[in-house]
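A.B. asks: need a structure here:
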Amino acid sequence: MPEITVSMAAGRNDEQKAGMMRDITQALVKNLGVDADNVVIQINEAPLAHKMKGGKTFVERAAAAKK
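C.D. replies: Have a look, this model is predicted:
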């Protein structure tokens, strides 16, 4: 049973996340030949203040992009 964990910054809506999980499921069905019922996908979301890239939190990066 393939299990996929996706780590990402919070901010996407449920429809976007469900679409992503469906696409990942179909990729595993196609490429690994597994049954979709055996695919488990979990999303771990971090608040933007708890995720950093390039020494700046995602909150700081968003604020800088608006300037």
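
A.B. asks: phi, psi for A9 please.
C.D. replies: In terms of degrees, to the nearest 10, the main-chain angles of A9 are phi -70, psi 140.

A.B. asks: spit out the contact partners of it.
C.D. replies: Applying CB atoms under 8 Å, 6 or more residues apart in numbering, we find A9 in contact with E45, A46, L48, K51, F58. For every residue, glycine as well, the C-beta is placed using N, CA and C.

A.B. asks: so the fourth one touches T57, yeah?
C.D. replies: By that I understand K51. Yes: because the distance of 6.7 Å satisfies CB atoms under 8 Å, K51 is recorded as touching T57.

A.B. asks: who touches both of the two?
C.D. replies: The overlap between the contact sets of K51 and T57 (CB under 8 Å, 6+ apart) is empty.

A.B. asks: low-scoring stretches of the chain, by residue?
C.D. replies: Along the chain, the model assigns pLDDT under 70 to no residue.

A.B. asks: which stretches in it count as strands?
C.D. replies: For the chain, the strands defined by DSSP state E occupy 3-9, 40-46, 52-53, 56-57.

A.B. asks: how much space separates the residue nearest to R61 when sequence neighbours are not counted from A63?
C.D. replies: Distances taken as CB to CB, 6 or more residues apart in numbering place K53 nearest to R61, at 6.7 Å, with adjacent residues excluded. In this view, K53 and A63 are 14 Å apart by CB to CB, to the nearest Å.
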